[in-house]
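>>> I'd like to go over a predicted model; first the sequence, then the structure.
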Amino acid sequence: MKNTLKKLIPYAFVGVVSGATTFGAIHYFNDNNSDSEFSYFAPKNNDAKYASFNMAGVGDDFVKASKMTVPAVVSIKNYSNRTSARSEQDMFDLFFGNPFGNSQKQQQQQQPKDMPTGMGSGVIISPDGYIISNNHVVAGASKLEVVLSNKKSYVANLIGTDPTTDIALLKIEEKGLPYLNFGNSDNVEVGQWVLAVGNPMGLNSTVTAGIVSAKGRSIDLLSQQSRTPIESFIQTDAAINPGNSGGALVNPNGELIGINSAISSKTGYYEGYGFAVPSNLARKVVEDIKQFGLVQRGFLGVVPLDLSDQRQVAAYNQQKKTNIKSGDGVYLMEVSENGGAEDAGLRNGDIITKVDNTVISSYYDLSFAVGSKRPGDKVAVTYLRNGKLNTVNVTLKDQKGGTSFRSKADLSVTEKIGSEFEPLSERFKTDYGLNSGVVAKNVIEGSEMAKIGVVDNYIVIEVNGKPVNSQKDVEKILNGYSGNVQVKYVDEYGRITTRGFKMP
């Protein structure tokens, strides 16, 4: 018995010491963290770190990038006195399943004059006050107010917009402003850290972190505001919400690598994926606007069929009684006369597989590779014909077939005001008691016609007090005109309205 007790004494001693130590530790942590129910699980001076993860390094990078970025990101308030103004939320609605954003239904209520109809973000890109943002943030504005991170407010001038990329350029009169430098978005890698900085839901100067989830992503969003959209978004899981649009996507060095534009969501709020216009494309757009007043965009001169879209291919096969197979690449349904593609020898039925060093898997790959170039630029186009790959150099042209740069003075009347027009049938005029009228078509978001409330299918009766019955009538009245333009039109409810704008 004595021998047994002797053997148990060491174990008993260890148990007593262990129990006392445990009780003392719990008592100590409870005394020092009495304000937390679970305080002893997480002492205040916890220095624990995950193995093989440099928390300090990442934290330092984020802090440095945030300090560089926040002062250069602004809030933009869009003021409009018309009920059909499309707000940023409408633009998000386009992506969330409402294809018309209710803009044509005019379901938005009239806002008080001192209240903005839309809000978003922007990024200062030069010390003298140039600011880049999204086209949909500034669309339809009668006044744009820019608020800096230090709460100082300015009225901004809208220098120009590009619906095809959803980019806008603004200017405020100030010097010595903090600004961001453009980074090279071609060097962005999937998996790298990024920060999104903007003003979501009225929360100014908000910074969120994430990684690049994908590159070259197309989401068929910009086709709602442009017939020739360029989509090659940087996809990120950094939290982006309404109000972030036009804000900065930066790398840990604080370089601007993208302009945040949209999110993928069923609710209208962040659910894991955001999309940003790559900085190289955004930079090219704002440089064109600053230098020429409009974007210089090159075109191949083809009508493409996206072979990666099985529904498009099936519809084309059914219509044309063909047997084209879906896959990668872009099939040329038509090669335009006197276009760059025809000049280089491309023909109907060719399949473009590569432009310069960019592999073409879809229409959006092609639109980005070519649309980010200017008229007169040359690109190497690789195409498949009769099972054989060929490569030719194509000189890009503008939509009018030219290879030189154009200024605003070179634009046609319909290009300046942002709308085309179709004749109204005599029967329609008789049925509705109209003596004149043309139907507005392809109204460009943010254009002069859009600003006064005209959308597709509205009927324009008079321009500057003169009846119009064709697009030529409109062009004859406005060609060479530089004053205020008065437009009388009929909306979908039959209401006659007269509104004006200054001819660009």
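Noted; the coordinates are in hand. Numbers count the residues shown, from 1 in each chain.

>>> which residues in the stretch 51-200 of the chain form strands?
Along the stretch 51-200 of the chain, counting by DSSP state E, counting those that start in this stretch, strands occupy 73-79, 118-124, 130-133, 143-147, 153-162, 167-171, 193-198.

>>> buried deepest among these, which one?
Highest mean neighbour count among these (mean count of other CB atoms under 10 Å): strand 118-124, with a mean of 28. Placement of C-beta: from N, CA and C, glycine included.

>>> what angle sits between it and strand 167-171?
If you take axes from the mean of the first three to the mean of the last three CA atoms, to 10 degrees, strand 118-124 sits at 70 degrees to strand 167-171.

>>> so in that sheet, which strands flank strand 118-124, and in what orientation?
strand 73-79 (antiparallel), strand 130-133 (antiparallel) (DSSP bridges).

>>> where does pLDDT dip in the stretch 151-300 of the chain?
Scanning the stretch 151-300 of the chain for pLDDT under 70 picks out 224-225.

>>> can you do 80?
Within the stretch 151-300 of the chain, the stretches with pLDDT under 80 are 219-228, 263-272.

>>> rewinding a little: could you dump the strands paired with strand 118-124 to CSV with mean pLDDT?
Below are the strands paired with strand 118-124 laid out as CSV (pLDDT from 0 to 100):
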stretch, mean pLDDT
strand 73-79, 95
strand 130-133, 98
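
>>> need these in a markdown table with distance to residue 329, can you?
Listed next are the strands paired with strand 118-124 as a markdown table, based on distance: least, CB to CB, whole Å:
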| stretch | distance to residue 329 |
| --- | --- |
| strand 73-79 | 39 |
| strand 130-133 | 33 |
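
>>> how close does the nearest residue to residue 491 once chain neighbours are set aside sit to residue 473?
Excluding the flanking residues, the one nearest residue 491 by CB to CB, 6 or more residues apart in numbering is residue 458, at 5.7 Å. Here the criterion is CB to CB, to the nearest Å. By it, residue 458 lies 16 Å from residue 473.

>>> just residue 299 next, same as before
To residue 473, residue 299 is 29 Å away according to CB to CB.

>>> cool, residue 184 as well?
Distance from residue 184 to residue 473, by CB to CB: 49 Å.

>>> got the contact list for the residue nearest to residue 491?
Going by CB atoms under 8 Å, 6 or more residues apart in numbering, residue 458 touches 439-440, 489-492.

>>> kindly indicate which of the residues you listed lies nearest residue 393.
Among these, residue 440 lies closest to residue 393 (CB to CB), at 40.0 Å.

>>> quick one: secondary structure of the closest one?
Secondary structure state of residue 440, per DSSP: H, G, I helix; E, B strand; the rest coil, is strand.

>>> same for the longest strand along the chain, what does it pack against?
When the chain is parsed with DSSP state E, its longest strand is strand 206-217. Helices and strands touching strand 206-217, by 3 or more CB pairs under 8 Å, 6 or more residues apart in numbering; DSSP states H and E, are helix 55-69, strand 193-198, strand 233-236, helix 363-371.

>>> hmm, try it at 10 Å
Applying 3 or more CB pairs under 10 Å, 6 or more residues apart in numbering; DSSP states H and E, we find strand 206-217 packed against helix 55-69, strand 193-198, strand 233-236, strand 248-250, strand 256-264, strand 273-278, helix 363-371.

>>> tell me the strands beside the shortest one, with direction?
With DSSP bridges as the test, strand 248-250 is paired with strand 193-198 (antiparallel), strand 256-264 (antiparallel).

>>> now those strands in CSV, with distance to residue 122?
As requested, the strands paired with strand 248-250 are exported to CSV (distance: least, CB to CB, whole Å):
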stretch, distance to residue 122
strand 193-198, 9
strand 256-264, 9
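
>>> how about these, which one is nearest residue 116?
Nearest to residue 116 among the strands paired with strand 248-250 is strand 193-198 (15.7 Å), distances taken as CB to CB.

>>> next one: the closest one to chain centre, how far?
Offset of strand 193-198 from its chain centre (CA atoms, centre = their mean, to the nearest Å): 15 Å.

>>> now that strand against strand 273-278, angle please.
If you take the same axes, to 10 degrees, strand 193-198 sits at 90 degrees to strand 273-278.

>>> can you tell me the closest non-neighbouring residue to residue 145?
Nearest one to residue 145, counting by CB to CB, 6+ apart, is residue 77 at 4.2 Å.

>>> does the one you found really touch residue 146, like I thought?
Yes. Using CB atoms under 10 Å, residue 77 is in contact with residue 146, at 7.9 Å.

>>> which residues are common contacts for these two?
Listed contacts common to residue 77 and residue 146 are 153, 156; contacts here mean CB atoms under 10 Å, 6 or more residues apart in numbering.

>>> so what pairs up with residue 332 in the strands?
Beta-bridge partners for residue 332, by DSSP bridges, are residue 304.

>>> ok, residue 459 next?
Residue 459 has these beta-bridge partners by DSSP bridges: residue 439, residue 490.

>>> I'd say it and residue 437 touch.
Yes. Assessed by CB under 10 Å, residue 459 is found in contact with residue 437 at 4.6 Å.

>>> residue 146 versus residue 358, what's the distance?
Per CB to CB, residue 358 is found 36 Å from residue 146.

>>> actually, residue 307.
44 Å.

>>> how about the residue nearest to residue 144 when sequence neighbours are not counted, what does it touch?
The shortest distance from residue 144 to any non-neighbouring residue, by CB to CB, 6+ apart, is to residue 156 (4.4 Å). Residue 156 sits next to 74, 76-77, 122, 129, 131, 133, 138, 141, 143-146, 170-173 when contact means CB under 10 Å, 6+ apart.

>>> which ones are touching residue 418?
By CB under 10 Å, 6+ apart, the contact list for residue 418 reads 161, 163, 440, 442-451, 454, 501, 504.

>>> rerun at 8 Å
With CB under 8 Å, 6+ apart, residue 418 has these contacts: 443-444, 446-450.

>>> neighbour count, distance to residue 477 and pLDDT for the contacts of residue 458 - can I get that in JSON lines?
Formatted as JSON lines, the contacts of residue 458 follow (neighbours: other CB atoms under 10 Å; distance: CB to CB, whole Å; pLDDT from 0 to 100):
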{"residue": "439", "neighbour count": "16", "distance to residue 477": "17", "pLDDT": "94"}
{"residue": "440", "neighbour count": "22", "distance to residue 477": "15", "pLDDT": "95"}
{"residue": "489", "neighbour count": "23", "distance to residue 477": "14", "pLDDT": "95"}
{"residue": "490", "neighbour count": "16", "distance to residue 477": "18", "pLDDT": "93"}
{"residue": "491", "neighbour count": "17", "distance to residue 477": "21", "pLDDT": "89"}
{"residue": "492", "neighbour count": "12", "distance to residue 477": "25", "pLDDT": "85"}
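
>>> now the helices for this structure?
With helices called from DSSP state H, the chain shows them at 2-32, 55-69, 88-96, 135-138, 279-292, 310-320, 340-343, 363-371, 413-417, 426-432, 448-451, 471-478.

>>> in CSV, list the C-alpha atoms belonging to the fourth one.
The C-alpha trace of helix 135-138 is given here as CSV (Å, rounded to 0.1, in the frame of the first residue of the first chain):
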residue,chain,number,x,y,z
ASN,A,135,-20.1,57.8,-67.8
HIS,A,136,-23.1,56.5,-65.9
VAL,A,137,-22.2,58.5,-62.8
VAL,A,138,-22.4,61.8,-64.7
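
>>> packing partners for it?
Helix 135-138 is packed against strand 73-79, helix 88-96, strand 118-124, strand 153-162, strand 167-171, with contacts defined by 3+ CB pairs under 8 Å, 6+ apart.

>>> residue 340 is nearest to which of the ones you listed?
Nearest of those to residue 340, taken as CB to CB: strand 153-162 at 21.0 Å.

>>> relative to strand 167-171, how tilted is that closest one?
Per the same axes, to 10 degrees, the angle that strand 153-162 makes with strand 167-171 is 140 degrees.
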